[in-house]
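> Build me a model from this:
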Amino acid sequence: MKKILLGINFEHESDAAIEDAFMLASKYDAKIIPIHAIEYLPRCNQQHEEDLLASQIERRIKVIEDRLAIKGVSIFKTIIEKGDPITVIHTASKILEVDLLIIGAGINDNAHHTLGATAKQLVRTSPVPVWISNCKTEKVDYDSILCAVDLSEYSLMTLNNAASLARMINAKLHILHVEPKMSYYPGLMDSDIPVSPWTLSSYISSMPDNKKCDEKHREYVLTHDFQEFLNKANLDSLEYDIHVRSGKASQEILAFIELFSAGLLIMGTIGKTGLLQKLIGGTIEKILDRLSCSMLAVPHPEK
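From the prediction side, this is the model:
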């Protein structure tokens, strides 16, 4: 990692992003590129008002530059551009070939909906990995990292990135895979297909309990599919645990974060298939609505 693009919006969550940028720049000996998009201009749009606004922003950015310089972090360059934040950040990411984008999580409520929406859109569309800093996360929480995987080829890339980061910051890595709950064919009792009542009664009485079926399926995934997946990953010299859950991915991931006090969630933004590619976006969005820790979203190219 050589260049880190640091999104600045001068809100409280920017402080968390600045601290995370400093931590990663120090670990990887990387340079930071502070960036701010001037999205809203004065109503009168007079030149002197625009100049005044630009000078105030430059002064605020200079304070941040000095703050990082005191800590020994190198600034590659600073970018202040007019325009939509998504467009400005995407353009800078591509032109400067940055390795990581760090932004604040925003506040996802009615009063600050724009900030939350910006974070979500960057997760969905950024050409580079996006680190979303949550101001509720303490640095000590980064001792525990959660990487959610779906056992796909792209998910293996995400896991290797997570393993590399865990080694760098000396953290324990939890690797979580969520399987859909097992269920029987719905509407069997209301089927129009003629079935002997004796046969049906015998079938129902012999059906295993759903909970037991889930447990058996999780055990199979853990010892077969998951193990095969892990054998392809680079987990050498790393402290890690593996976990398989069943249910809705967003719910299980959020519950796991609370259970293990994870400070960072790492996920890929593309799933196994075309359908899952659409679903994974919904999963991440649901997670962002309730996320209590920081997040690293790793984009993968579509097939």
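> what's the burial count for the residue nearest to residue 82 when sequence neighbours are not counted?
Nearest non-adjacent residue to residue 82, counting by C-beta to C-beta, 6 or more residues apart in numbering: residue 38, 4.7 Å away. From N, CA and C alone the C-beta is placed, and that goes for glycine too. Counted with other C-beta atoms under 10 Å, the neighbours of residue 38 add up to 15.
> ok, residue 38 to residue 51 distance?
12 Å (C-beta to C-beta, to the nearest Å).
> can you map out the helices along the stretch 101-250 of the chain?
Assigned by DSSP state H, counting those that start in this stretch, the helices in the stretch 101-250 of the chain fall at 113-125, 153-169, 197-206, 210-223, 225-231, 249-260.
> Give me the distance between the longest helix seen in the chain and the centre of its chain.
The single longest helix within the chain, with elements called by DSSP state H, is helix 47-70. Mean-position distance between helix 47-70 and its chain equals 30 Å (C-alpha atoms, centre = their mean, to the nearest Å).
> Give me the mean pLDDT for that helix.
What helix 47-70 shows for mean pLDDT is 83.
> Compare the helices of the stretch 101-250 of the chain and say which comes out lowest on pLDDT.
helix 197-206 (a mean of 51).
> What spatial separation is found between the residue nearest to residue 142 when sequence neighbours are not counted and residue 171?
In space, and not counting its chain neighbours, residue 142 is closest to residue 263: 4.3 Å by C-beta to C-beta, 6+ apart. Counting by C-beta to C-beta, the separation of residue 263 from residue 171 is 8 Å.
> try residue 119
On the measure of C-beta to C-beta, residue 119 and residue 171 end up 23 Å apart.
> So which of these two has more stuff around it?
Ranked by neighbour count (other C-beta under 10 Å), residue 119 and residue 171 place residue 119 first, with 25 against 21.
> ok, back up a step: what sits against the residue nearest to residue 82?
Neighbouring residues of residue 38 by C-beta atoms under 8 Å, 6 or more residues apart in numbering: 53-54, 57, 80-83.
> again, but for residue 93
By C-beta under 8 Å, 6+ apart, the contact list for residue 93 reads 5, 101, 126-128.
> repeat that for 6 Å
5, 127-128 (C-beta atoms under 6 Å, 6 or more residues apart in numbering).
> swap in residue 131?
Neighbouring residues of residue 131 by C-beta under 6 Å, 6+ apart: 100, 102, 296.
> Would you mind giving these as TSV with distance to residue 256 added?
Shown next, in TSV, are these (distance: C-beta to C-beta, whole Å):
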residue	distance to residue 256
100	24
102	24
296	16
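> Pick the one among these closest to residue 159.
For the contacts of residue 131, the minimum distance to residue 159 (C-beta to C-beta) is 12.1 Å, reached by residue 296.
> ok, how many other residues are close to the closest one?
Per other C-beta under 10 Å, the neighbour tally for residue 296 reads 22.
> do residue 254 as well
Residue 254 has 19 neighbouring residues, counting by other C-beta under 10 Å.
> And for it, nearest residue in space, chain neighbours not counted?
Excluding the flanking residues, the one nearest residue 254 by C-beta to C-beta, 6+ apart is residue 290, at 5.7 Å.
> burial measure for that neighbour, as a count.
11.
> Also the one 5 residues further on?
Other residues lying near residue 295 total 23 when counted by other C-beta under 10 Å.
> just checking, it touches residue 134?
No: counting by C-beta atoms under 6 Å, residue 295 does not reach residue 134; the two are 7.5 Å apart.
> now residue 8: how far from residue 33?
Between residue 8 and residue 33 the computed distance is 10 Å (C-beta to C-beta).
> what does residue 258 give?
Look at residue 258 and residue 33: by C-beta to C-beta, they are 34 Å apart.
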